[in-house]
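# coordinates for the following, if possible.
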Amino acid sequence: MFGLSATRNAKTFRPRKNTPVGSKGLQLKRHIDATLGSGNIMEAVKLPPGEDLNEWLAVNTVDFYNAVSILYATLEEFCTERTCEVMSAGGKYEYLWADGVKVKKPVRLSAPEYINKLYDWIEEQIDDDKTFPQQFGSPFPPNFMEVIKTVFKRLFRVYAHIYHSHFKAICSLGEEAHLNTCFKHFIFFVTHYNLVDEKELAPLQELIDQFLGRAGSASAAGTQ
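Numbers count the residues shown, from 1 in each chain. Have a look, this model is predicted:
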């Protein structure tokens, strides 16, 4: 993990969210770290035998949120309300903000405004014990998968904005390999569990096809 500047903006940098305490979260987090450490991303996204799918999705959601927030924090001097007046992914895709509660009618925001509101919304979900139960064995809500899919759809938009608007900055910071690794892990996960609609992935489809194409070849070699 790369270091962060001591002058980082408190609005763009968010302290790492912790894995739910009192659940199997810590065990599952260790499993993620171990499999990722081996370099096998395909294995890292698979549900460990005997584990609960919702627990697995919850732990990974926190992990992916942390990864995106740390990556984006390095871009605070490049992604500003002046340089990124709208939240977009290239010239064809613009994202409006609405959370369905505080903001019901979609509104146009600058990229940093959008992303900060997204962070607030995600943290509200993670910190809500009814949505992300803190105790192992506590039931997940009926709409849990819907919430998870919305989180991942919106996290994808941050990646799409970074690649389309700030990849040169990422390269200047020497973080392109780290960005690609984080996004590759993210894409393997969302496609494995069908968390993001294909149409939402369009802004980065070419890159996604490259990642999944290599993975598909390796997978086919070991499949009957």
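# in this structure E55 contacts Q135, no?
No - the pair E55 and Q135 fails to qualify as a contact (Cβ atoms under 8 Å) at a distance of 11.2 Å. The way it works is simple: take the backbone N, C-alpha and C, and place the C-beta from them, glycine included.
# quick one, phi/psi of A89?
Main-chain dihedrals, A89, degrees, to the nearest 10: phi -130, psi 80.
# check what pLDDT it gets.
Looking at A89, its pLDDT is 97.
# dump the residue contacts of it.
Y95, R157, A160, H161, Y163, H164, S165, P203, L204 (Cβ atoms under 8 Å, 6 or more residues apart in numbering).
# now pLDDT, distance to C79 and secondary structure too, for these, in JSON lines please.
Compiled in JSON lines, the contacts of A89 are given as follows (pLDDT from 0 to 100; distance: Cβ to Cβ, whole Å; DSSP: H, G, I helix; E, B strand; the rest coil):
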{"residue": "Y95", "pLDDT": "98", "distance to C79": "14", "secondary structure": "coil"}
{"residue": "R157", "pLDDT": "98", "distance to C79": "13", "secondary structure": "helix"}
{"residue": "A160", "pLDDT": "98", "distance to C79": "13", "secondary structure": "helix"}
{"residue": "H161", "pLDDT": "98", "distance to C79": "8", "secondary structure": "helix"}
{"residue": "Y163", "pLDDT": "97", "distance to C79": "12", "secondary structure": "helix"}
{"residue": "H164", "pLDDT": "97", "distance to C79": "12", "secondary structure": "helix"}
{"residue": "S165", "pLDDT": "97", "distance to C79": "7", "secondary structure": "helix"}
{"residue": "P203", "pLDDT": "97", "distance to C79": "16", "secondary structure": "helix"}
{"residue": "L204", "pLDDT": "97", "distance to C79": "17", "secondary structure": "helix"}
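# dump those to JSON lines, plus neighbour count.
Formatted as JSON lines, those follow (neighbours: other Cβ atoms under 10 Å):
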{"residue": "Y95", "neighbour count": "22"}
{"residue": "R157", "neighbour count": "23"}
{"residue": "A160", "neighbour count": "23"}
{"residue": "H161", "neighbour count": "25"}
{"residue": "Y163", "neighbour count": "19"}
{"residue": "H164", "neighbour count": "16"}
{"residue": "S165", "neighbour count": "19"}
{"residue": "P203", "neighbour count": "21"}
{"residue": "L204", "neighbour count": "22"}
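# more crowded one of E55 and Q135?
The neighbour comparison of E55 against Q135 (other Cβ atoms under 10 Å) goes to E55, with 21 against 10.
# please tell me how far that one sits from V101.
Taking Cβ to Cβ, to the nearest Å as the measure, E55 and V101 are separated by 26 Å.
# from the chain's centre, how far out does stretch 78-91 sit?
Taking Cα atoms, centre = their mean, to the nearest Å, the mean C-alpha location of stretch 78-91 is offset from the chain mean by 19 Å.
# and stretch 160-173, by the same measure?
Put simply, stretch 160-173 sits 16 Å off its chain's centre (Cα atoms, centre = their mean).
# and for stretch 77-90?
Relative to its parent chain, stretch 77-90 has a centroid offset of 19 Å by Cα atoms, centre = their mean.
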